[in-house]
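Engineer: When you get a sec, could you give me coordinates for this:
(one chain, ligands or ions: 2)
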Amino acid sequence: MKTTYNMGQVCLNEGPCMPLEPGYRDMGALWRAKYESDKLEKDLEQLFQELQPLYLNLHAYVRRALYRYYGPEVIDVKGPIPAHLLGNMWAQSWVKILDLVLPFPKKPPEDITKIMRSQHWNPEKMFVEAEKFITSLGLLSTPPDFWENSMMERPTDGREVECHASAWDFYNSKDFRIKKCTEVTTEDLLSIFHQMGHIQYFMQYKNLPVIFRAGPNPAFEEAVGSVITLSAFSHKHLLNRGLLSRQHQDSEEEVNFLMGIALDKIAFIPFAYLIDLYRWKVFDGTIQKDNYNLEWWNLRLKYQGLCPPIPRTEDDFDPGAKFHISASVSYTRYFLSLVLQFQFQEALCKASGHVGPLHRCDIYNSKTAGKLLEDVLKQGASKPWPEILQNITGKTKMSAEALKTYFKPLMNWLVTENVRQGEILGWPDFSCSFEEKE
Ligand SMILES: O=C(CCC(O)(O)[C@H](Cc1ccccc1)NC(=O)c1ccccc1)N[C@@H](Cc1ccccc1)C(=O)O
Ligand SMILES: [Zn+2]
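Structural biologist: Ligands and ions are numbered 1, 2, ... in the order given. Sure, this is the predicted structure:
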């Protein structure tokens, strides 16, 4: 009966027969449909190719630094990097090894986590700080219920909770919540800004028909909080908020600063790209069950230039160790958010009257920038995303130009440094053979 139901079709005198339930070919097709583009995969590939030079130069530079620290028996300067040396469970952000790869080690950046702790910050203060930034733009503040109903710390009553941070809209135009097991760290302050971006979107579109209470595509939802962190973590803003004490940055300190941001944002590019490349192939059957783990590490090698820490077999299922894969949350949204957040930042900085390098921009207190952002958020999913993108940036196309502009000073330094070291970009020694290195 189910098969009969699922295969049911209506055939008229002309035109193709129509299925009763206009089913998508597979889950990948359903996920991609949210971007309303018949050339999404081509556009993603093109953006990835455009960003490759940034990643390859960062990868080569970090590999050299790890070689200096761990030696030739661990690191092959023409090969992939062992994933467990990059300071993150998924090697998706390398910011934890900034001290190891700092371009100018004599000018280490101040440790914001240490400063937060010395100033006795607690999770609530971190949420208040994010709220202050957002309301300084003339955007909405959260209702009392938000502070009542959110879970801002891991419960101490023994309840086992899902600690991966998330923001929730209860679609009653007044109940909005964040669930996060907050620790007093820089990483968690960044994450709180990201979550508060989701909450601001919920509040801005709360009077729209429910069907429109979303971003025009999932990447817009992810970009809002992230664009705010670009200003909130600028040297200018951290100084203004008393989280840094050194007045200015000389050009070497500026390269160190940009390296810190690059270890988060540029390292993330191939990771964010490959997650759904992998899953689309699983959904459409290109990747079969008995190769799930092998194909995962093939993509991790091909796109991120990483090796697993130890040999892997099909008894392991490493993709499942990433929240979004076990929770079936699509990931293309984060790859596109990476491009969008810099396009948004460029537009908001221009609106705020910022002059000078993009990485020095802080839109804090700019009501003009806030208005530009508000006009986007208020529209929710009520218009096709190219139209909404045009409202804020003047263009209807996603472009990696703004991201490249932001990192230009670092790229100049990296290319010079890699040429000086005679680095090979990429990993022509592509084997992850473990015996050789022992
Ligand atoms: O997963 C997140 C943050 C969580 C979230 O805010 O994106 C969350 C993910 C989630 C959790 C449970 C169910 C569905 C999605 N998304 C939201 O809370 C959310 C999503 C859509 C609308 C409103 C809120 N970030 C990604 C990527 C990322 C983003 C930013 C910085 C670093 C890394 C990661 O950690 O790998
Ligand atoms: Zn998010």
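Engineer: Can you name the residues that contact the residue in the stretch 151-300 of the chain positioned nearest to ligand 1?
Structural biologist: Closest to ligand 1 within the stretch 151-300 of the chain is residue 166: 3.4 Å, counting by CB to the nearest ligand atom. Heads up, the C-betas are built off the backbone N, CA and C, glycines and all. By CB atoms under 8 Å, 6 or more residues apart in numbering, the contact set of residue 166 is 178, 179, 180, 195.
Engineer: Any residues of the stretch 151-300 of the chain in contact with ligand 1? List them.
Structural biologist: 164, 165, 166, 167, 194, 195, 198, 221, 222, 226 (CB under 6 Å from any ligand atom).
Engineer: picking that back up, turn the contacts of residue 166 into CSV, including pLDDT and distance to residue 278.
Structural biologist: Listed next are those as CSV, based on pLDDT from 0 to 100; distance: CB to CB, whole Å:
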residue, pLDDT, distance to residue 278
178, 98, 29
179, 98, 27
180, 98, 27
195, 98, 26
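Engineer: among the residues you listed, which are in helices?
Structural biologist: Of the positions in the contacts of residue 166, residue 195 sit in helices, assigned by DSSP state H.
Engineer: Farthest pair within the contacts of residue 166?
Structural biologist: 179 and 195 (8.8 Å; CB to CB).
Engineer: which residues are in contact with both of these two?
Structural biologist: Shared contacts of residue 179 and residue 195 (CB under 8 Å, 6+ apart): 165, 166, 167.
Engineer: now, among the residues you listed, which is nearest to residue 292?
Structural biologist: For the shared contacts of residue 179 and residue 195, the nearest to residue 292 is residue 166 (26.0 Å; CB to CB).
Engineer: Report the beta-bridge partner residues of that closest one.
Structural biologist: residue 179 (DSSP bridges).
Engineer: any idea how far residue 251 is from it?
Structural biologist: In this view, residue 166 and residue 251 are 40 Å apart by CB to CB, to the nearest Å.
Engineer: if we can go back for a sec, export the shared contacts of residue 179 and residue 195 as TSV, with columns for pLDDT and distance to residue 240.
Structural biologist: Formatted as TSV, these follow (pLDDT from 0 to 100; distance: CB to CB, whole Å):
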residue	pLDDT	distance to residue 240
165	98	26
166	98	30
167	98	26
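Engineer: Let me see the ranges of the strands in the stretch 101-250 of the chain.
Structural biologist: 166-169, 176-179 (DSSP state E, counting those that start in this stretch).
Engineer: Check which residues of the first one are buried.
Structural biologist: Same thing as strand 166-169. By neighbour count with 16 or more other CB atoms under 10 Å, strand 166-169 contains the buried residues 167, 168, 169.
Engineer: No further questions, thank you.
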